[in-house]
Structures are given as C-alpha cells and as structure tokens.
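> got a structure for you, letters missing:
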C-alpha cells in the first residue's frame with residue numbers, strides 16, 4: 001500500500017508512523033521547512049517540503065500510484081483544496097481531517113471519501129467513558145446506533161450457564177471472548193466462567209441493562 005500524507009503535525013506524524021509499522025510505503029508532505037527537516041531525520045519515509053495544493057509537487061510524489069491521499073493539516077481550507085486537486089489523479093481513497101464541524105458538509109459535497117475530526121472523535125470517546133465508565137473499551141457503530149464494548153463477567157446468575165442461554169439477548173450479543181490474550185469466537189455450548197473477558201455488541205442506550213446482567 002502506498003499512502004501520501006499532507007501535514008507533518010502531530011496527527012500526520014502519528015499516522016505516518018502507524019502506517020509504516022504496518023508495512024505501508026509513505027510519502028509525507030509538509031509546508032514548514034524547519035518541521036520538514038526535523039521529520040525527515042526521524043521518519044522512515046520520503047519527506048517532501050512543499051504544499052499539497054501544487055499539482056507539480058503532487059506529481060513529484062507519484063500521486064498516480066497512491067492508494068490513499070490523507071490531508072491532516074490543521075487548516076481545513078488547505079485540506080479541502082488539496083483533496084479537490086487530488087481527485088483528478090484517480091486516487092482510490094481520499095481522506096481529510098476537518099477541524100471545524102461546520103466544514104464537514106463542504107468536504108462531503110465535493111466527494112471526499114472520508115472526513116475525520118480527531119478533536120470531535122476524542123471528545124466523543126471521553127463522553128462515552130464518562131457515561132459508561134464500566135466499559136473498558138468503546139467503539140461506536142452504525143452512526144451511533146450500536147457500540148462494541150469490553151466487559152468482564154462477574155454476575156453469579158450467568159456464571160456456569162452456556163453462552164447460548166445468555167447471548168444473544170434482546171439488546172446485545174457477545175461476539176468474542178479472550179483466553180490468555182487470544183481472541184476466540186464463543187461457541188453456543190461453551191460455559192461462562194467468572195472473570196471471562198468478552199466483547200459485546202450493544203444497542204445504544206442499553207448498557208446499564210447489559211451491565212446488570214453480566215456484572216455484579
């Protein structure tokens with residue numbers, strides 16, 4: 001996979017390192033020359049000083065071969081312009097960071113494949129933790145209609161029962177268990193043990209009911 005990232009700030013640099021660790025080839029474009037030089041010394045990738053709104057610069061980064069173009073700067077206008085420009089090169093997937101939620105519709109209107117706000121995502125994660133402190137991890141699905149959460153089973157009323165006697169319930173289904181750190185798909189006749197760590201798909205707004213069933 002080949003990805004071009006525009007923006008060498010905290011978001012862009014963190015993303016670049018994660019993708020490199022996953023085996024992707026990365027080119028990072030940064031307009032600040034001093035930051036560009038700093039990044040070039042620590043990142044195992046091609047780092048180009050310039051602006052992603054320049055066709056000449058994009059072509060020098062082999063934009064025609066890119067599977068992803070990801071605009072991560074903190075400037076919504078620059079991100080939008082670069083993504084519009086990149087569309088003419090038939091890049092398979094274009095992703096843009098948006099800082100102002102009011103700008104999200106404009107990005108979608110011009111056909112950007114994915115629009116992401118790290119700030120809003122972080123705020124939602126914090127709000128989920130405040131509202132659901134018993135869930136160790138939370139992932140929202142279906143535009144917020146459901147969530148995947150991790151819990152530890154401690155309620156004596158379900159311990160010793162088969163998974164099929166408990167799951168699926170009206171508002172949830174246990175989708176995974178963990179043994180020695182290894183993820184397993186629970187089988188219908190598997191017995192629930194105290195301390196079983198499980199991942200659960202839960203309908204939004206029903207976490208309290210599910211917690212009462214599975215936890216003390």
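Here it is on my side, so go on. Every value quoted in this text rests on a predicted model; they were computed, and no experiment measured them.
> For the rest of this, base every contact and every neighbour count on C-alpha atoms.
Fine.
> mind listing the helices for the protein?
Counting by DSSP state H, the chain has helices at residues 10-21, 33-40, 55-60, 76-86, 104-109, 118-131, 163-166, 207-214.
> Flag the helix or strand of this protein with the lowest per-element mean pLDDT.
Ranking every helix and strand in the chain by mean pLDDT, DSSP states H and E puts strand 138-141 at the bottom, with a mean of 56.
> which of the helices of the chain is buried the deepest?
Among the helices of the chain, helix 76-86 has the highest mean neighbour count (mean count of other C-alpha atoms under 10 Å), at a mean of 19.
> quick one: contacts of that helix?
Residues outside helix 76-86 that contact it (C-alpha atoms under 8 Å, 6 or more residues apart in numbering) are 52-55, 58, 63, 69, 71-73, 94-100, 103, 107, 110, 112.
> Narrow those residues to just the buried residues.
Buried subset of the contacts of helix 76-86 (neighbour count, 16 or more other C-alpha atoms under 10 Å): 52-53, 55, 58, 63, 69, 71-73, 94-99, 107, 112.
> Break the chain down into its domains, please.
Domain ranges of the chain: 2-117, 132-214, per automatic domain parsing.
> Pick out the shakiest of those, pLDDT-wise.
Sorting the domains of the chain by mean pLDDT places domain 132-214 lowest, at a mean of 82.
> before we move on, the earlier item: return the subset of the buried ones among the contacts of helix 76-86 lying in strands.
The strands, defined by DSSP state E, take in 69, 71, 94, 95, 96, 97 from the buried ones among the contacts of helix 76-86.
> Tell me the pLDDT of residue 131.
At residue 131, the model reports a pLDDT of 56.
> okay, how far is it across stretch 99-109, tip to tip?
The straight-line separation of the ends of stretch 99-109 (C-alpha to C-alpha, to the nearest Å) is 17 Å.
> Mind listing residues that contact it?
With contacts defined as C-alpha under 8 Å, 6+ apart, stretch 99-109 is touched by 74, 75, 76, 80, 96, 98, 114, 115, 117, 118, 119.
> Nearest residue to residue 17 in space, please, no chain neighbours.
Excluding the flanking residues, the one nearest residue 17 by C-alpha to C-alpha, 6 or more residues apart in numbering is residue 43, at 7.4 Å.
> Same check on residue 61?
Leaving aside its sequence neighbours, residue 61 sits nearest to residue 27 (C-alpha to C-alpha, 6+ apart; 6.9 Å).
> Does that neighbour touch residue 60 like I think?
No: here residue 27 does not reach residue 60: they are 10.4 Å apart, not a contact under C-alpha atoms under 8 Å.
> What is the burial count for residue 8?
By other C-alpha atoms under 10 Å, 24 other residues sit near residue 8.
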